[in-house]
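Q: Need a 3D model of the sequence below.
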Amino acid sequence: MIPNFELKTIRVNTETLAYEIAGDGALILCLPGVGDLRQEYDRLAPQLVKAGFRVMVADLRGHGDTSVGWQSFDVVALASDIERLLDAEKAEKAFLIGCSISGASTAYFAAQHPERVAGVVGICPIRRVPFTGLKAIFMPWILSGMFAKPWGVEVWGIYYRSLYPSFPPDDLDTYIAALKAKLREPGRFAAFKSMLLTGRDSAHLKTIRVPVLDFIGMADPDYEDPQSEVDWLTSTIPQAEVHLLEGLGHYPHREQPERILPRLLQFAHKTLRLHSSSLTGSS
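A: Numbering: from 1, shown residues only. A predicted model of the protein is given here:
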């Protein structure tokens, strides 16, 4: 758990969504990437609380302390869980922060439910298939082989380490050990693989009208060409403000959260002034 955060769960038929929450004020919902835990936000979430926000950090389907028996692990299904999380805290509207695949699910939710979204922050969001040409055709088979049993969890641990290319946090070894232990629990690695291989439909991105702020690590191996991704994002979502972070990888909020926090808070406070009547959730 993140220090001083309270663990809660939501029951959805026979399944359970797990999240932690702390703070008072406008609600910010933080969602991690595929193959990761809600503790991905352990360095950023406390700073958001300190800045005066009520902060939720949730585990994705099949990950962390959320259950594994869901029927679907695609972007649309993940977006439906956002609504459940907001409803659980009686929040009419919230800021959404999503890393990796959650950068896609938060964008989808914003397109479908703009009345419930004050703004979207993407941290290395994967809103389209990040490969082109033959690589895009063959990558699903390559990934299926890489993450097959019995070596899949170990391979993910090795690849996960590469996502911190410049400034790995001091606890990275311990964090990866905990991550691999979770993925070895029954059903979790199958859920991870299903989510990892799910496709992307970017057609809805052009309909997003809420403010969008994105951060992309220039050393993130998930992007073939980070500048090309920035160009695509700004042409697809014209109001999007996108920042390239030199030297940082897929998790800038764990490598150097101080590189993104000032602009993120400026964005949140500016948006808060526009939506102050509907952004406070109840505990």
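Q: any idea whether Cys99 is helix, strand or coil?
A: With DSSP: H, G, I helix; E, B strand; the rest coil as the basis, Cys99 sits in strand.
Q: which stretches of the stretch 151-283 of the chain have low pLDDT?
A: Regions of the stretch 151-283 of the chain meeting the criterion pLDDT under 70 cover residues 275-283.
Q: Break down it into its strands, ranges please.
A: 212-217, 241-245 (DSSP state E, counting those that start in this stretch).
Q: Can you add distance to Gly23 and give these back as JSON lines?
A: C-beta here means a position set from N, CA and C on the backbone, and glycine is covered the same way. Formatted as JSON lines, the strands of the stretch 151-283 of the chain follow (distance: least, Cβ to Cβ, whole Å):
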{"stretch": "strand 212-217", "distance to Gly23": "20"}
{"stretch": "strand 241-245", "distance to Gly23": "25"}
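Q: looking at those, which is buried most?
A: Mean neighbour count (mean count of other Cβ atoms under 10 Å) peaks for strand 212-217 among the strands of the stretch 151-283 of the chain, with a mean of 24.
Q: which strands and helices sit next to that one?
A: Packing contacts for strand 212-217, counted by 3 or more Cβ pairs under 8 Å, 6 or more residues apart in numbering; DSSP states H and E, involve helix 101-112, strand 117-125, helix 226-236, strand 241-245, helix 252-255, helix 261-274.
Q: Recalculate using a threshold of 10 Å.
A: Judged by 3 or more Cβ pairs under 10 Å, 6 or more residues apart in numbering; DSSP states H and E, the packing partners of strand 212-217 are strand 94-100, helix 101-112, strand 117-125, helix 226-236, strand 241-245, helix 252-255, helix 261-274.
Q: Switch those over to CSV; also include distance to Val210.
A: Formatted as CSV, the helices and strands packed on strand 212-217 follow (distance: least, Cβ to Cβ, whole Å):
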stretch, distance to Val210
strand 94-100, 9
helix 101-112, 5
strand 117-125, 5
helix 226-236, 14
strand 241-245, 12
helix 252-255, 21
helix 261-274, 8
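Q: deepest of these, which one?
A: Counting by mean count of other Cβ under 10 Å, strand 94-100 has the highest mean neighbour count of the helices and strands packed on strand 212-217, with a mean of 29.
Q: With just CA atoms, put it into PDB.
A: C-alpha atoms of strand 94-100 as PDB (Å, rounded to 0.1, in the frame of the first residue of the first chain):
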ATOM      1  CA  ALA A  94     -12.600  13.800 -11.900                       C
ATOM      2  CA  PHE A  95      -9.200  14.400 -13.400                       C
ATOM      3  CA  LEU A  96      -7.900  11.200 -15.000                       C
ATOM      4  CA  ILE A  97      -4.200  10.200 -15.100                       C
ATOM      5  CA  GLY A  98      -3.400   7.100 -17.100                       C
ATOM      6  CA  CYS A  99      -0.100   5.400 -18.000                       C
ATOM      7  CA  SER A 100       0.400   3.200 -21.000                       C
END
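Q: Please name the nearest non-neighbouring residue to Gly152.
A: Phe189 (6.0 Å; Cβ to Cβ, 6 or more residues apart in numbering).
Q: Can you tell me how far the one you found is from Thr174?
A: According to Cβ to Cβ, to the nearest Å, Phe189 stands 20 Å off from Thr174.
Q: same question, Ile216
A: Where Thr174 is concerned, Ile216 sits at a distance of 27 Å (Cβ to Cβ).
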